[in-house]
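**Student:** Predicted model and sequence follow; I will ask about them next.
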Protein chains: 2
Amino acid sequence: MRNVICARCVKCGKEYEATPNLTNCECGGILDIIYDYDYIKTKLTTETLANRRNPTMWRYRELLPVEETTPDTELRVGWSPLYEAPRLAKRLGLKKLWIKDDGVNPTASLKDRASAMAVAKAREAGAEVIACSSTGNAASSLAGNAAAAGLKTYIFVPARAPKGKLAQLLSFGATVISVRGSYEDTFELSKQAIERWGWYNRNAAINPYLSEGKKTVGLEIMEQLNWQVPDYIAISVGDGCTIAGLWKGLKDLHAIGFIDRLPKLISAQAAGCWPINRAVETGEPWRPMEENTLADSIAVGVPRNADKAIMAIRESGGLTVEVTDREIMDAQKLLGESCGVFGEPAGVTGTAGVKKLREQGRLPADATVVSVVTGNGLKDVANAIAARGEPISVPPDMEHLLDAFAEHEVPL
Amino acid sequence: MRNVICARCVKCGKEYEATPNLTNCECGGILDIIYDYDYIKTKLTTETLANRRNPTMWRYRELLPVEETTPDTELRVGWSPLYEAPRLAKRLGLKKLWIKDDGVNPTASLKDRASAMAVAKAREAGAEVIACSSTGNAASSLAGNAAAAGLKTYIFVPARAPKGKLAQLLSFGATVISVRGSYEDTFELSKQAIERWGWYNRNAAINPYLSEGKKTVGLEIMEQLNWQVPDYIAISVGDGCTIAGLWKGLKDLHAIGFIDRLPKLISAQAAGCWPINRAVETGEPWRPMEENTLADSIAVGVPRNADKAIMAIRESGGLTVEVTDREIMDAQKLLGESCGVFGEPAGVTGTAGVKKLREQGRLPADATVVSVVTGNGLKDVANAIAARGEPISVPPDMEHLLDAFAEHEVPL
């Protein structure tokens, strides 16, 4: 990889050759991929990109840690739509707001970006089996992207994973191990199994390539905004890998001169599980927390990528915000009604955070904001229905319909 | 609309001016939009299209019945991926197979194409409320696309609609009326309500513009295949509007010289509800049937667009095939495992049909086939899980994992 210099530990600074099988540093720290931006600048310009027809994350190949000979992965991951949301901006009292809908990815979440990268690197490593632990979306995206590539998967999920994600896993032909314990328990068991059987490791906090896949969401946002930097980018935070990846992408673009300043990050966590935000807010090291939220994808009490995430939020001069489950489900409805975008609970937590920051007066009215929806609402239908209530139910005749409309005070 | 000549009844031939509010002919027949292909040929070439950046159905504007001043709709509908599927082709013993994954549309089904058209035409009509009846996908797509456009919706669904679709409707802020009856009952009640309150009508078999939206799936398939015509295109059939729309798109392209021959259609219906295929096979007029299939989107015993659909299948010299629910759920797994595409039951019925036709020897091994997946598997998780079985469940330790792997005979 001519564009990659090495992998460097974010804790002790030790450097490693960027081989496909890299995991954590021997000190336990997480590795970061270091690029040769001078070289990349000679290969990639905004004009090159503008003329590129590839509507996937692989359009940014010069900024990705893969060999030139490694093929694009099979599913169409990335290049999700960025919608300007004037009605929602107005309701929140914001100058400009865009919604990045990553729920239309092939397996319906942002995690497809990391899983496509895992498949590419597993191929480089000559692996035929990939494994991971996940609260659900990393798992289903890995199962789908690996199936499309003809690779086998072993997936460890906590027993609480929503039905939608399980249905995907089973349909993609993964071997699914449902662990009767927390996400932390699930992660530990997957780690032991991966070591024992030598599978390719798609755990995002151990495999340094995966947040390089996730960073493409940041690259896309900026290209879709024609390199005009918004003041803030809001995103939900669980394990920490996604916000760290987003930040890496933005810094890459700054390093090669595609953007002239960096946005501030908004890190939105659930009020029932916010170890990363607590560390940022208190200045103390992060400590484990209970996982008390229905937003399953970000119910991560022991975040595996806390270091990179905390660094990213601080470096950007960003904001942290915690939202209740009620606020999350309200944001789901708000996004659906005003934008036609249906996100899963964790998927809309960033938008819930933007709303709360406006109400708290911490986000100025003249700010320009991008809010990333990280997963599709169809992933977790039970919570959506519980929050929305049942539809109006009638037998098939007009008399009953008129009665029901009157009873429910439907405006006609 | 300079490109549209008129709307013509498929039954009696009577012609109407193509106003936005068109419904059925006074004889009860369905209208078809008639284009001025000579004019369109002067405006649209394959080169023009190749240089067009718009990755939505609106890239085919010259072939769509909208005013030049009518804006593109808000959500990114269309330009879904067409995946070549060599592993699945091999398993089915086919020369070439492509999967068109329309489940990655904004509300996760092909119906977004018709609903985006409904929103565009409602705007031309100056309407602020749109209504429809639907087994689910037309409804959720209308609710989503209308919400994004700031329009209000009234949606009539049969009580059996799967939870995923209901969750979407409620989250998009639609007024949802769940009718305790069949799809036919639901349709009739919606018709009365639409007449009573003067809402814009998005019932696909009454509004002739909607299949013009659906036809974009055919336009895309051909552009994505670089105008090389496959031997067959397979799709599931319920109401009949989708296959009729697909055929219209293909005929449009033939009329303007973009393709030099037409593919044969494969009409796949459920063995528990196949009124359209029965009519094609027996040569008799279609008659109502029971709705005995778990593939809810095509459980249509009284197809509203049977005429156009039957004409399309016959005109193409196509094949009809009926598949059992078991065969449908097997096809879901086959597509997931070999392509990483997770379709809802009705969504994978076309692929189930291709498999069955191969087994019956009715589809030659040297055929080239496109199979359209019309909706995302996340729409109906309950049936997927019921078909797949539960995952392996273990407490969080290696000993139990080893035991469970042995018990389930997991290859390691």
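**Tutor:** Ah, there it is. Quantities reported herein were computed from a predicted structural model and do not represent experimental measurements. Residues are numbered from 1 along each chain as shown, chains lettered A, B, ... in the order given.

**Student:** Run through the residues that contact A:Leu319.
**Tutor:** By Cβ atoms under 8 Å, 6 or more residues apart in numbering or on different chains, the residues touching A:Leu319 are A:Tyr232, A:Lys264, A:Leu265, A:Ile266, A:Ser267, A:Leu357, A:Arg362, A:Leu363. For every residue, glycine as well, the C-beta is placed using N, CA and C.

**Student:** Kindly report the same for A:Ser178.
**Tutor:** A:Val157, A:Pro158, A:Ala159, A:Ala161, A:Leu166, B:Glu390, B:Pro391, B:Ile392, B:Ser393, B:Val394.

**Student:** Same check on A:Thr175?
**Tutor:** So A:Thr175 contacts A:Lys152, A:Thr153, A:Tyr154, A:Ile155, B:Ile392, B:Val410 (Cβ under 8 Å, 6+ apart).

**Student:** pLDDT of the helix or strand harbouring the second one, averaged?
**Tutor:** When secondary structure is defined by DSSP states H and E, A:Thr153 falls within strand A:152-158. For strand A:152-158, the per-residue pLDDT values average out at 94.

**Student:** Mind giving me the packing neighbours of that strand?
**Tutor:** Strand A:152-158 sits against strand A:129-133, helix A:137-149, helix A:163-171, strand A:175-179, helix A:183-197, with contacts defined as 3 or more Cβ pairs under 8 Å, 6 or more residues apart in numbering or on different chains; DSSP states H and E.

**Student:** what's the most buried one of the ones you listed?
**Tutor:** Mean neighbour count, computed with mean count of other Cβ atoms under 10 Å in any protein chain shown, is highest for helix A:137-149 among those, reaching a mean of 31.

**Student:** Please compute how far stretch A:70-89 lies from its chain's middle.
**Tutor:** Computed by Cα atoms, centre = their mean, to the nearest Å, the separation of stretch A:70-89 from the middle of its chain amounts to 12 Å.

**Student:** what about that stretch and chain B, touching?
**Tutor:** Yes. Residues of stretch A:70-89 are located near chain B by Cβ under 8 Å from any Cβ of the partner chain, namely A:Glu74, A:Leu75, A:Arg76, A:Trp79, A:Pro81, A:Tyr83, A:Arg87.

**Student:** show me the contacts for the second one.
**Tutor:** So that's A:Leu75. A:Pro106, A:Thr107, A:Asp112, A:Ala116, A:Gly144, A:Asn145, A:Ala148, B:Pro81, B:Tyr83, B:Gly340.

**Student:** just the residues you listed now: which is nearest B:Cys132?
**Tutor:** B:Pro81 (27.2 Å; Cβ to Cβ).

**Student:** Go ahead and list the helix or strand containing the closest residue to A:Ser236 other than its chain neighbours.
**Tutor:** In space, A:Ser236 comes closest to A:Thr349 once its chain neighbours are excluded; the distance is 3.6 Å by Cβ to Cβ, 6 or more residues apart in numbering or on different chains. Take DSSP H and E as the rule and A:Thr349 turns out to sit in helix A:345-359.

**Student:** Pull out the buried residues from that helix.
**Tutor:** A:345-358 (16 or more other Cβ atoms under 10 Å in any protein chain shown).

**Student:** Same check on stretch A:385-404?
**Tutor:** Of the residues in stretch A:385-404, those buried (16+ other Cβ under 10 Å) are A:Ile385, A:Ala387, A:Arg388, A:Pro391, A:Ile392, A:Val394, A:Pro396, A:His400, A:Leu401, A:Ala404.

**Student:** For the fifth one, report the pLDDT, please.
**Tutor:** Turning to A:Ile392, the model gives it a pLDDT of 93.

**Student:** Dig out what it forms beta bridges with.
**Tutor:** A:Ile392 forms beta bridges with B:Ile177, as assigned by DSSP bridges.

**Student:** quick one on the thing from earlier: tell me which of the contacts of A:Leu75 fall in helices.
**Tutor:** Among these, the members falling in helices (DSSP state H) are A:Asp112, A:Ala116, A:Gly144, A:Asn145, A:Ala148.

**Student:** ok, and of those, which contact chain B?
**Tutor:** Checking the ones in helices among the contacts of A:Leu75 against chain B (Cβ under 8 Å from any Cβ), the matches are A:Gly144, A:Asn145, A:Ala148.

**Student:** Nearest to A:Thr48 among those residues?
**Tutor:** A:Asn145 (26.2 Å).

**Student:** Neighbours of the closest residue to that closest one other than its chain neighbours, how many?
**Tutor:** Excluding its sequence neighbours, the residue lying closest to A:Asn145 (Cβ to Cβ, 6+ apart) is A:Ser115, at 4.4 Å. Neighbour count of A:Ser115, defined by other Cβ atoms under 10 Å in any protein chain shown: 36.

**Student:** Let me know the angle separating the helix holding A:Thr349 from helix B:163-171.
**Tutor:** On the basis of axes from the mean of the first three to the mean of the last three Cα atoms, to 10 degrees, helix A:345-359 is oriented at 10 degrees to helix B:163-171.

**Student:** ok, back up a step: of all the contacts of A:Leu75, which comes closest to B:Trp274?
**Tutor:** B:Tyr83 (27.8 Å).

**Student:** ok, now which ones touch that closest one?
**Tutor:** Contacts of B:Tyr83 by Cβ under 8 Å, 6+ apart are A:Glu74, A:Leu75, A:Arg76, A:Ala148, B:Trp98, B:Ile99, B:Lys100, B:Asp101, B:Cys339, B:Val341.

**Student:** do that again at 7 Å, thanks
**Tutor:** For B:Tyr83, the contacting residues are A:Glu74, B:Trp98, B:Ile99, B:Asp101, B:Cys339, by Cβ atoms under 7 Å, 6 or more residues apart in numbering or on different chains.

**Student:** Verify the stated contact: the third one with B:Val372.
**Tutor:** No. Checked against Cβ atoms under 7 Å, the pair B:Ile99 and B:Val372 is beyond contact range at 8.1 Å.

**Student:** out of those two, which sits in the more crowded spot?
**Tutor:** Using other Cβ under 10 Å as the criterion, B:Ile99 and B:Val372 rank with B:Val372 on top: 29 against 26.

**Student:** what about whichever strand or helix holds the more buried one and chain A, any contact?
**Tutor:** Using DSSP H and E, B:Val372 maps to strand B:368-373. No. Using Cβ under 7 Å from any Cβ of the partner chain, strand B:368-373 stays clear of chain A, with a minimum separation of 11.4 Å.
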